[in-house]
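J.: Build the 3D model from these lines:
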Amino acid sequence: MSVEEVYEVIRKHTEFYKNSLPLIASENITSKFVRNCYISDLGHRYAEGKIGERFYEGCSFVDEIELMAVNLMKELVKAPHVNVQPISGVVANMAGFFALTNPGDKIFALSIPSGGHISHEKYSAAGLRGLQVLHYPFDAEIMNIDVDETKKLAEKEKPKLFVLGGSLFLFPHPVKEISEIAAEINAKVMYDGSHVLGLIAGGEFQNPMEEGADVLTASTHKTFFGPQRAIIACREELADRVDKAVFPGVVSNHHLNTLAGLVIAAMEFKEFGRDYAEQTVKNAKRLAEELAEEGLKVLGEDLGFTESHQVAVDVRKQGGGAKVAKKLEKANIILNKNLLPWDSIKDTENPSGIRIGVQEVTRLGMKESEMDVIAKLIADVILDRRSVDKVRKDVISLKKEFSKVKYTFEEHEAYEFLRI
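T.: This next block holds a predicted model:
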């Protein structure tokens with residue numbers, strides 16, 4: 001094995017994505033301005049502790065960078081306190097659990113088939129805190145929490161924490177209603193906005209802090225086109241508990257090179273985020289409408305299909321999510337299989353659905369007319385209307401027209417493997 005062999009694999013990966021439609025709902029592409037931070041000397045350094053209160057010397061410039069990140073994110077999410085040290089969404093959720101609960105407490109969260117994230121479950125972050133996880137009553141017709149049934153269950157079970165947000169996230173959650181229920185039983189509300197952070201910052205989705213949530217956690221690399229890390233925001237009275245849960249609770253060093261990248265991404269979002277978020281939601285709606293027109297069973301039709309970057313499709317009649325996702329991958333259309341509300345967790349290997357996200361292709365400049373084309377390409381594969389080889393050629397042809405990163409200070413090639 002040699003260095004060049006590793007580089008060759010990276011080159012092949014980059015070329016594959018250059019010629020593919022990236023529709024994974026939990027990914028995005030960063031600008032060169034963000035990427036430049038990754039290879040800086042910051043990637044070699046440590047900065048444990050708070051700004052101005054580090055355990056290591058040599059952190060004065062890191063303090064400047066972290067303060068920039070804090071102030072920008074506070075402005076974008078409209079929160080009184082933001083901690084930018086969590087290195088992933090799961091780590092941010094762990095910090096939230098440590099700050100707001102004690103071992104043995106009950107929490108409410110969505111089941112994974114209903115859209116909940118794995119970190120909300122007993123076999124992940126919630127379980128590491130020793131929490132008892134109860135699932136919200138869920139209405140699959142509206143793809144959302146049943147508030148009336150939740151109120152009845154909460155009065156009986158008395159949870160200490162309500163977790164909102166999720167991994168399959170088509171419509172805003174009833175934050176105001178759940179916050180009112182929480183207040184009646186002296187509980188807190190934590191909103192996992194990992195998937196919709198960019199839509200929140202861009203003013204195209206509910207702002208959970210304004211609707212009553214106590215804590216907002218979010219990764220910064222989905223609809224927010226930053227590096228792979230996270231934030232945790234909260235009300236001022238919870239700031240000390242949250243900060244202590246982050247450090248020394250679940251974070252030591254916090255990857256300073258990507259922290260600098262977060263600053264750049266937040267600057268980009270401050271300038272271009274509203275237009276980007278608006279176009280992202282428009283694209284998702286258009287894609288969903290066209291997929292339905294093509295004959296596929298798209299969830300949420302009576303409610304306009306989606307209010308986020310995501311589209312969910314029931315493909316049971318076509319063999320299930322695993323079969324369909326693999327088939328689409330052969331055509332260079334990249335998305336994922338996904339559990340749907342009527343599935344069991346035992347159906348994980350081949351669930352009913354697929355999940356589609358449009359946030360990355362939106363960053364490449366695609367708009368509604370391209371969603372029409374993508375819908376036809378997806379339907380051609382799923383419904384066996386054309387061969388995978390022919391669809392792949394059309395995918396590659398389409399992608400050649402959209403190879404630059406938009407919504408940034410200077411447009412540039414999106415898929416390059418830069419060597420120094």
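J.: a strand runs through Val189, doesn't it?
T.: Yes. Counting by DSSP: H, G, I helix; E, B strand; the rest coil, Val189 is located in a strand.
J.: so what's Ala218 bridging to?
T.: Ile231 (DSSP bridges).
J.: And it, how close does it get to Val189?
T.: 15 Å (CB to CB, to the nearest Å). Any C-beta I mention is one placed from the backbone N, CA and C, and that applies to glycine too.
J.: which of the two has more neighbours?
T.: Ala218 (30 against 26; other CB atoms under 10 Å).
J.: Enumerate every residue touching the more buried one.
T.: Counting by CB atoms under 8 Å, 6 or more residues apart in numbering, Ala218 makes contact with 77, 89, 92, 192-194, 196-197, 200, 224, 230-233.
J.: can you tell me which of those are in helices?
T.: Val77, Gly89, Ala92, Leu197, Ile200 (DSSP state H).
J.: Wait, the fourth one touches Phe224, no?
T.: Yes. With contact defined as CB atoms under 8 Å, Leu197 counts as touching Phe224 (4.1 Å).
J.: Neighbour count: the two, which is higher?
T.: Phe224 (34 against 30).
J.: Tell me if I'm right that that one and Gly198 touch.
T.: Yes. With contact defined as CB under 8 Å, Phe224 counts as touching Gly198 (3.9 Å).
J.: tell me, what's touching the two both at once?
T.: Common neighbours of Phe224 and Gly198 (CB under 8 Å, 6+ apart) are Asn28, Phe269.
J.: mind checking which helix or strand Ala379 is in?
T.: Ala379 belongs to helix 368-382 when elements are defined using DSSP states H and E.
J.: leaving aside the residues next to it on the chain, what's closest to Tyr136?
T.: Spatially, and ignoring its direct neighbours in sequence, Tyr136 is nearest to Ile145 (4.8 Å; CB to CB, 6 or more residues apart in numbering).
J.: Return the helix or strand of the chain with the lowest mean pLDDT as PDB; C-alpha atoms alone will do.
T.: Scoring the helices and strands of the chain by mean pLDDT, DSSP states H and E places helix 125-128 at the bottom, with a mean of 92. Extracted as PDB, the C-alpha positions of helix 125-128 are listed here (Å, rounded to 0.1, in the frame of the first residue of the first chain):
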ATOM      1  CA  ALA A 125     -27.200   8.500  23.100                       C
ATOM      2  CA  ALA A 126     -30.400   8.400  25.200                       C
ATOM      3  CA  GLY A 127     -29.500   5.000  26.400                       C
ATOM      4  CA  LEU A 128     -26.000   6.100  27.300                       C
END
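J.: Name the strands paired with the helix or strand following that helix and say parallel or antiparallel.
T.: Tracing the chain C-terminally past helix 125-128 and defining elements by DSSP H and E, one meets strand 132-135 next. Paired with strand 132-135 in the same sheet, following DSSP bridges, are strand 106-109 (parallel).
J.: For the partner strand, give the mean pLDDT please.
T.: Averaged over strand 106-109, pLDDT sits at 98.
J.: So what touches that strand?
T.: 97, 101, 116, 120-121, 126, 131-136, 150, 153-154, 157-163.
J.: can we see that at 7 Å?
T.: 101, 116, 120, 126, 131-136, 154, 157-163 (CB atoms under 7 Å, 6 or more residues apart in numbering).
J.: swap in stretch 228-240?
T.: With CB under 7 Å, 6+ apart, stretch 228-240 has contacts from 73, 77, 79-84, 86-89, 91-92, 95-96, 99, 209, 214-221, 242, 246, 255, 258, 262.
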